[in-house]
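Novice: Sharing a sequence plus its predicted fold:
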Amino acid sequence: MSIAERRLRIGILALEGCMMSSIASASDCLRVAQTLADIRAPNSGLKMDTVLFGARGQERIHTSTGFDIGLQPEPVEDIDLLLLPGLIHNSPQDLAARVAAMGPELELIRRYHLRGVPIAGTCSGSYLLAESGLLDGHRATCSWWLAASFRERYPNVRLEADDESMKRVAFVIAALIAVTATASSAAPGTTATQLTTRFRQATGVKLVPNKQVSYAGHYKAYDLGVQTAAKTARWGTFTVYLVTSADVEADVTDLLSDTHTGVLGTPSAGNIYWEQGTTIHGQGYWQAKRRYGQNVVLTWIGPSYAKKTDASWKRLHTALTKATK
């Protein structure tokens with residue numbers, strides 16, 4: 001994934017007669033992941049998608065299921081991974097003959113490799129990857145019923161198709177799924193030391209841990225010390241939250257969401273989430289919340305007549321922006 005752009009785009013190389021499940025599984029997984037990201041972290045900027053294209057200028061392919069699928073007629077250059085789908089075949093000899101005839105596809109695979117694009121094969125798609133020569137000298141695996149044929153045809157590939165090897169492959173796949181699922185929270189975050197040190201350097205103020213408000217395993221809460229940048233604030237009090245959990249997006253979203261409905265609303269100008277409510281004593285209030293970097297949230301609570309930020313908020317905004325870079 002491109003962390004800087006917060007994007008993951010998988011290019012799927014369309015092959016005549018390929019397995020439709022090889023295409024749909026990757027596309028559906030990323031579509032579901034994108035939907036969850038949009039719900040749980042609508043402002044994360046994370047974009048995940050797949051694009052289907054061919055190597056022969058064709059606009060449609062006929063899949064093994066009998067369905068025709070439309071595709072981009074020209075290769076897409078802007079991808080983060082090239083995926084080679086599996087092919088339905090009658091025998092290992094049939095599969096070998098088919099991949100040997102895929103000159104345009106093999107040329108395109110090598111071209112992506114020269115550009116540094118990672119390439120993966122699913123199911124019998126590993127045959128096509130091996131045919132390109134890019135697996136020579138490397139460890140690889142394939143579907144168990146193709147192991148003997150694979151070793152004979154590609155002796156320079158270090159094939160691992162025994163039970164233990166397949167377990168390792170399953171482990172790697174599980175790890176990759178976990179990384180994809182948490183990709184948005186895997187980007188570097190701010191540590192407690194970085195937050196407190198940088199904040200004090202920017203403001204001269206010490207952040208004081210609030211153990212009562214903190215939630216172990218999820219986030220640490222900090223109050224502004226006695227001599228604070230907010231001391232001259234006209235309204236309300238401030239709290240700084242540092243999210244420390246494995247699922248950063250979930251906890252940041254919880255902190256930013258409306259405390260009554262649990263729904264993440266739409267931020268106003270300045271990316272501030274506003275919430276209005278009434279205390280158990282019948283007093284009205286406004287609450288403002290804003291995210292900084294990956295895992296820091298600033299909250300402010302004040303009386304109901306003050307849906308506005310003042311100079312103190314601006315000073316804290318500047319300090320936290322610097323502290324979370």
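Specialist: The structure has been received and is ready for your questions.
Novice: And the helices in this protein, which stretches?
Specialist: Ranges of helices in the chain, per DSSP state H, are 20-40, 92-100, 103-114, 125-131, 147-153, 163-181, 183-186, 192-203, 248-256, 311-323.
Novice: out of those helices, nearest to residue 140?
Specialist: helix 125-131 (6.3 Å; CB to CB). In short, each C-beta sits where N, CA and C put it, glycine included.
Novice: Could you name the helices and strands sitting against that closest one?
Specialist: strand 81-84, helix 92-100, helix 103-114, strand 119-121, strand 139-140, helix 147-153 (3 or more CB pairs under 8 Å, 6 or more residues apart in numbering; DSSP states H and E).
Novice: Output the longest one as CSV, restricted to C-alpha atoms.
Specialist: Pointing back at helix 103-114 there. Once non-C-alpha atoms are left out, helix 103-114 reads as follows in CSV (Å, rounded to 0.1, in the frame of the first residue of the first chain):
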residue,chain,number,x,y,z
GLY,A,103,3.1,-14.2,-25.0
PRO,A,104,1.4,-10.7,-24.5
GLU,A,105,0.5,-11.5,-20.9
LEU,A,106,4.1,-12.7,-20.1
GLU,A,107,5.6,-9.6,-21.7
LEU,A,108,3.2,-7.4,-19.6
ILE,A,109,4.1,-9.3,-16.4
ARG,A,110,7.8,-8.7,-16.9
ARG,A,111,7.2,-5.0,-17.7
TYR,A,112,5.4,-4.5,-14.4
HIS,A,113,8.2,-6.4,-12.6
LEU,A,114,10.8,-4.0,-14.1
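Novice: and the angle from that helix to helix 92-100?
Specialist: Comparing the axes of helix 103-114 and helix 92-100 via axes from the mean of the first three to the mean of the last three CA atoms, to 10 degrees yields an angle of 70 degrees.
Novice: So for helix 103-114, mean pLDDT?
Specialist: Averaged over helix 103-114, pLDDT sits at 91.
Novice: Comparing the helices of the chain by mean pLDDT, which bottoms out?
Specialist: Looking at the helices of the chain, the bottom one is helix 183-186 with a mean of 39.
Novice: Quick check: residue 147 touching residue 159?
Specialist: Yes - counting by CB atoms under 8 Å, residue 159 is a contact partner of residue 147 at 6.5 Å.
Novice: So which of those two has more stuff around it?
Specialist: Between residue 147 and residue 159, counting by other CB atoms under 10 Å, residue 159 is the more crowded of the two (20 against 17).
Novice: wait, isn't residue 64 in contact with residue 88?
Specialist: Yes - using CB under 8 Å, residue 64 is in contact with residue 88, at 3.8 Å.
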